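Undergrad: I would like to see how this sequence folds:
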Amino acid sequence: MNCQQQNLMSKATESLEAAKLLRDNQYFDYSVSRAYYTMFYLAEAFLEGEAKTFSSHTAVISAFGRDFAKLGKVPREFHRFLIDAQSLRQTGDYGKFQAISAYQANQQIENATKFLTFARDYFKEF
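TA: Alright, predicted model coming up:
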């Protein structure tokens, strides 16, 4: 794992912790946003390993799906988690006040935790 990937893994870890703190304090809109960023940073870390960087979130998500999920390098569900989290993040960030439920925040944190656990194990092999 290179230095940039290590930085992204650290950011993902901190972002997940922030998501939990926000959830625990009932800031569900913001919790979902941090859970999304956990997964986004992880997708970037995978792509960085192949020297691929992109300037937009949509491009990162698309490349992650094409180059990792579709090829079976990671479980396909992680690409779906990322897509769903991006949609909820946009709802939480730009939708009506308190648009996200506790259930949705918990689900996104659970998904981000699964993704982070997988990434930690994956990168141990390299």
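
Undergrad: give the contact list for the nearest residue to residue 34 once chain neighbours are set aside.
TA: Computed as Cβ to Cβ, 6 or more residues apart in numbering, the closest residue to residue 34 that is not its neighbour in sequence is residue 19, at 3.7 Å. All C-beta atoms are positioned from the backbone trio N, CA, C, and that covers glycine. Going by Cβ atoms under 8 Å, 6 or more residues apart in numbering, residue 19 touches 31, 32, 33, 34, 35, 38, 105, 108, 109, 112.

Undergrad: Tell me the confidence at the fourth one?
TA: Confidence per residue is given as pLDDT, and for residue 34 that number is 98.

Undergrad: wouldn't it be in contact with residue 15 here?
TA: Yes: Residue 34 is within contact range of residue 15, at 5.0 Å (criterion: Cβ atoms under 8 Å).

Undergrad: more neighbours, the two?
TA: residue 34 (25 against 22; other Cβ atoms under 10 Å).

Undergrad: Now do the helix or strand in which that one is found: distance to the chain's middle.
TA: Here residue 34, judged by DSSP states H and E, is contained in helix 28-48. Here the centre of helix 28-48 is set off from its chain's centre by 3 Å, with Cα atoms, centre = their mean, to the nearest Å.

Undergrad: quick revisit: out of the contacts of residue 19, who has the most neighbours?
TA: residue 35 leads the contacts of residue 19 on contacts (other Cβ under 10 Å) with 33 neighbours.

Undergrad: Worst mean pLDDT across the helices and strands of this structure, which element?
TA: Sorting the helices and strands of the chain by mean pLDDT, DSSP states H and E puts helix 76-94 at the bottom, at a mean of 94.
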